[in-house]
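1. Take a look and give me a structure for this.
(chains A and B)
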Number of protein chains: 2
Amino acid sequence: MTLPAIGISLGDPGGVGPEIVLKALSERSSLPEARYIVFGGGPILAEAAEALGLRPDLSTWKDGDLPSVPGRFFRDAGGPQAGFVKGKASAGNGEASFLFFRAAVEMARAGLLQAVVTAPISKTSWRLAGLSWRGHTEYLESLFPGAIMTFWSAKLRVALLSHHLPLREAMERVKKGALLGFFRNLHQSLGRTKSGIRELLVAGLNPHAGEDGLLGTEEDDEIRPAVEEARKEGLSISGPFPPDTVFLKALGRPEKMVVALYHDQGLIGFKLEAFETGVNATFGMPFIRTSPDHGTAYDIAGKGTADPRSLIAAIRMAVELS
Amino acid sequence: MTLPAIGISLGDPGGVGPEIVLKALSERSSLPEARYIVFGGGPILAEAAEALGLRPDLSTWKDGDLPSVPGRFFRDAGGPQAGFVKGKASAGNGEASFLFFRAAVEMARAGLLQAVVTAPISKTSWRLAGLSWRGHTEYLESLFPGAIMTFWSAKLRVALLSHHLPLREAMERVKKGALLGFFRNLHQSLGRTKSGIRELLVAGLNPHAGEDGLLGTEEDDEIRPAVEEARKEGLSISGPFPPDTVFLKALGRPEKMVVALYHDQGLIGFKLEAFETGVNATFGMPFIRTSPDHGTAYDIAGKGTADPRSLIAAIRMAVELS
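-> Just a heads-up that it's a prediction; the model follows:
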């Protein structure tokens, strides 16, 4: 078996990304054996390492095959080498963090990486840099329209039918055909990994899952028919369940994943159970992408106090799923 | 100061209501001093007491003024005296539980009770009995159109702009005028009690509270103007906040209450934090109504194993708020 190759993009140079990446890679005992490749800029890494008093000990990887032994590598992703702003958004921060991310994604699309772990970018920086994608996820969706957002913590696992959409638009996605396609795609994507998920629990859209049509019709018209069709195809899936109790059915049950029908339905519960320890994982692509469940944390950037645990969890998960 | 008079309706005779009411009233040390009046039927109470081996020691209260000393009283609410079905819904169960509840509400409307605590009814029993109200809440709303549903636990407090509505209809309620009226009503209702709430945190409707209009317009068009208007009137209120993090702002802060814009937005978070210990409280009426956060539990009815803690919490809260 080949050791997985895991790309790690540094994120926004003005945020906590460089710091938590260096901290995570320095805590060797906490990471499984793999080939880790940091995609970033040399001066940014050097500056962060000096500020932290760390010697990251990364081998520079330029071209050709990656060594087949475990290790930590650095890949210069090009782009601006200076002019970054610590602690706030800037066009330079946006351009650099996009290039780091894109370089890792390209390498993964080419089959050289099994997973990409993304340290936080600032969507304001991306906008200032003139980028049209809102963030990592939107860029991945533009390349892979079947990309699926999932959220993982020790206690709860959630997949989102849709994410960054106004609630009205998200509701329009709740159609039998779209749901069935989503269930199949999620099932297949999870099945290709060691996710451990064996059962999908689908939330309803309305209070009490519509209560036999009294409180809404989408359950009877769209959701239940899609779930039943998926079951006929052999998927282990059930629902629609009342949205306010479906999370309790999955809590502490690592083999169960809740399918939420819109952003906040999934993330209200997830963030209450997993804030700052959760991992975001994107499925439905030829590779896995994971990220920590927090942002650039500009307010503490450069102070050396950023907590790398969520990033470490994202890296571990990337290796486990690869 | 007069001791509060608290009505307690027995709930569905086939459910755990009679059992938990008797258990709660027997644990004298766990309840504050007050005048407690059970609204129910004599044979139901006698049967439950015998099954539990409890001697409830209730003074029958027929007419005239309640004694001004602490005590436990029984008020026969009339209706069927027999023919109830244990462990499942029935028309007789529905008729009886409605009469118990209505008798308590009438006494509260007449100013003789400061609060009503409702043990669980079965909405199926109510339907079988030909009642047009879905449950306690809908009956109260028919009498008091400004009734407000709130949910309380040790960790979290939530008010719902709307509750038993299809999500599409609930979204139509998110209008500046309706929101402002709701904020005022909630603020005034809480202010008349010892609720301890000093700040309202309003959730947005869309992911990230609309993110400056990118992910929805209701925040800018309806919610923020209503919050700002309410602030001008002197209310301590803020928002709209991203729905997936607003609960974290209120968690463990007993002076803060989240205003959720639809049923599941409020109850997904609340049930994860408070399942089986939460209390439902109805404000916006001339009296307070509280109830435990569970149903009839037909599966364990009559076995003597029902847990009275949520009902005890509801009774304590009724006294504290009175």
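
2. CA only for contacts and neighbour counts going forward, please
-> OK.

3. Could you pull up the residues touching A:L161?
-> For A:L161, the contacting residues are A:148-149, A:173, A:179, A:182, A:259-262, by CA atoms under 8 Å, 6 or more residues apart in numbering or on different chains.

4. From what I see, A:G216 and A:G204 are in contact.
-> No - judged on CA atoms under 8 Å, A:G216 makes no contact with A:G204 at a distance of 9.8 Å.

5. list the residues that contact both of these two?
-> Here A:G216 and A:G204 have A:G210 as joint contacts, going by CA under 8 Å, 6+ apart.

6. what does chain A have sitting close to chain B?
-> When proximity is defined as CA under 8 Å from any CA of the partner chain, chain A approaches chain B at A:163-167, A:205-207, A:210, A:215-216, A:243-245, A:247-248, A:263-265, A:267-269, A:271-272.

7. mind listing what's buried in stretch A:303-322?
-> A:306, A:308-319, A:321-322 (16 or more other CA atoms under 10 Å in any protein chain shown).

8. Spell out which residues make up each domain of chain A.
-> A:1-146+A:286-322, A:154-276 (automatic domain parsing).

9. I'd like those laid out as CSV, including mean pLDDT and distance to B:W126.
-> Listed next are the domains of chain A as CSV, based on pLDDT from 0 to 100; distance: least, CA to CA, whole Å:
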stretch, mean pLDDT, distance to B:W126
domain A:1-146+A:286-322, 92, 46
domain A:154-276, 95, 15
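
10. Can I get these in JSON lines including distance to B:S291?
-> As requested, those are exported to JSON lines (distance: least, CA to CA, whole Å):
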{"stretch": "domain A:1-146+A:286-322", "distance to B:S291": "36"}
{"stretch": "domain A:154-276", "distance to B:S291": "18"}
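
11. out of those domains, nearest to B:A297?
-> domain A:154-276 (15.6 Å; CA to CA).

12. Off-centre distance for the closest one?
-> With CA atoms, centre = their mean, to the nearest Å as the basis, domain A:154-276 stands 18 Å off its chain's centre.

13. do stretch A:36-52 as well
-> On CA atoms, centre = their mean, the centre of stretch A:36-52 falls 22 Å from that of its chain.

14. Next: stretch A:302-312.
-> From the chain centre to the centre of stretch A:302-312 is a distance of 17 Å (CA atoms, centre = their mean).

15. now A:I8, which residues is it bridged with?
-> On the basis of DSSP bridges, A:I8 is bridged to A:V38, A:V117.

16. Surely it touches A:A104?
-> Yes - contact criterion CA under 8 Å: A:I8 and A:A104 qualify, at 7.2 Å.

17. Now do the shared contacts for these two.
-> Jointly contacting A:I8 and A:A104 under the rule CA under 8 Å, 6+ apart are A:39, A:116.

18. B:P32 is nearest to which of the domains of chain A?
-> Here domain A:154-276 is closest among the domains of chain A (CA to CA), at 31.9 Å.

19. what are the ranges of the helices in the stretch 101-250 of chain A?
-> A:123-128, A:136-143, A:167-172, A:176-191, A:218, A:224-232, A:246-250 (DSSP state H, counting those that start in this stretch).

20. how far away is the closest residue to A:L261 other than its chain neighbours from A:L179?
-> Among residues not flanking A:L261 along the chain, A:L161 sits closest, at 5.0 Å (CA to CA, 6 or more residues apart in numbering or on different chains). Distance of A:L161 to A:L179, given as CA to CA, to the nearest Å: 8 Å.

21. hey, what's in contact with both of the two?
-> A:R173.

22. Local confidence estimate at the residue lying closest to A:N185 once chain neighbours are set aside?
-> The spatially closest residue to A:N185, leaving aside those adjacent along the chain, is A:G284, at 6.5 Å (CA to CA, 6+ apart). Model confidence at A:G284, given as pLDDT, is 94.

23. Now do the contacts for A:G284.
-> With contact taken as CA under 8 Å, 6+ apart, A:G284 is in contact with A:144, A:146-148, A:185-186, A:189.

24. follow-up on the earlier one: nearest to chain B, of the contacts of A:L161?
-> Ranked by distance to chain B (CA to the nearest CA), these are led by A:Y262 at 8.8 Å.

25. doesn't A:L160 make contact with that closest one?
-> Yes - using CA under 8 Å, A:Y262 is in contact with A:L160, at 6.1 Å.

26. Can you pick out the residue with more neighbours from the two?
-> Neighbour totals were compared for A:Y262 and A:L160, and A:Y262 leads with 27 against 20 (other CA atoms under 10 Å in any protein chain shown).

27. any idea how far that one is from A:N206?
-> 12 Å.

28. same deal with A:A108?
-> Counting by CA to CA - A:A108 and A:N206 are separated by 39 Å.

29. of the two, who's got more company?
-> When A:A108 and A:N206 are compared for neighbours, A:N206 comes out ahead with 29 against 21, by other CA under 10 Å.

30. residues in contact with A:H163?
-> Neighbours of A:H163 in contact, by CA under 8 Å, 6+ apart: A:149, A:170, A:262-263, B:207.

31. Name the member of these that has the highest neighbour count.
-> A:Y262 (27 neighbours).

32. closest to B:N280 out of the domains of chain A?
-> Within the domains of chain A, the stretch nearest B:N280 is domain A:154-276; the backing value is 14.6 Å (CA to CA).

33. among the domains of chain A, which is nearest B:I44?
-> Comparing the domains of chain A by CA to CA, domain A:154-276 comes nearest, at 30.0 Å.

34. which residues does the residue nearest to A:P243 when sequence neighbours are not counted bridge with?
-> Of all residues not flanking A:P243 in the chain, A:A203 sits nearest, at 5.1 Å (CA to CA, 6+ apart). For A:A203, the beta-bridge partners under DSSP bridges are A:F241.

35. And A:A203, how close does it get to A:L167?
-> With CA to CA as the criterion, A:A203 and A:L167 are 16 Å apart.

36. between the two, which one's more packed in?
-> Comparing A:A203 with A:L167 by other CA under 10 Å, the one with more neighbours is A:A203, at 27 against 23.

37. give me every residue that touches the more buried one.
-> A:209, A:239-243, A:246, A:258-261.

38. Please report the distance of it from chain B.
-> Separation of A:A203 from chain B (CA to the nearest CA, to the nearest Å): 11 Å.

39. ok, A:D244 - contacts?
-> Neighbours of A:D244 in contact, by CA under 8 Å, 6+ apart: A:207-208, B:264, B:267-269, B:271.

40. where along chain A do the strands fall?
-> Ranges of strands in chain A, per DSSP state E, are A:5-9, A:35-40, A:59-60, A:71-76, A:115-118, A:148-152, A:157-160, A:199-203, A:237-241, A:256-260, A:279-283, A:288-292.

41. among these, which is the most enclosed?
-> Of all the strands of chain A, strand A:115-118 has the most neighbours on average by mean count of other CA atoms under 10 Å in any protein chain shown, namely a mean of 31.

42. Which neighbouring elements make contact with that one?
-> Judged by 3 or more CA pairs under 8 Å, 6 or more residues apart in numbering or on different chains; DSSP states H and E, the packing partners of strand A:115-118 are strand A:5-9, helix A:91-109, strand A:288-292, helix A:309-321.

43. Need the residues that contact it.
-> Identification of contacts with strand A:115-118 by CA under 8 Å, 6+ apart yields A:5-11, A:101, A:104-105, A:108, A:287-292, A:314-315, A:318-319, A:322.
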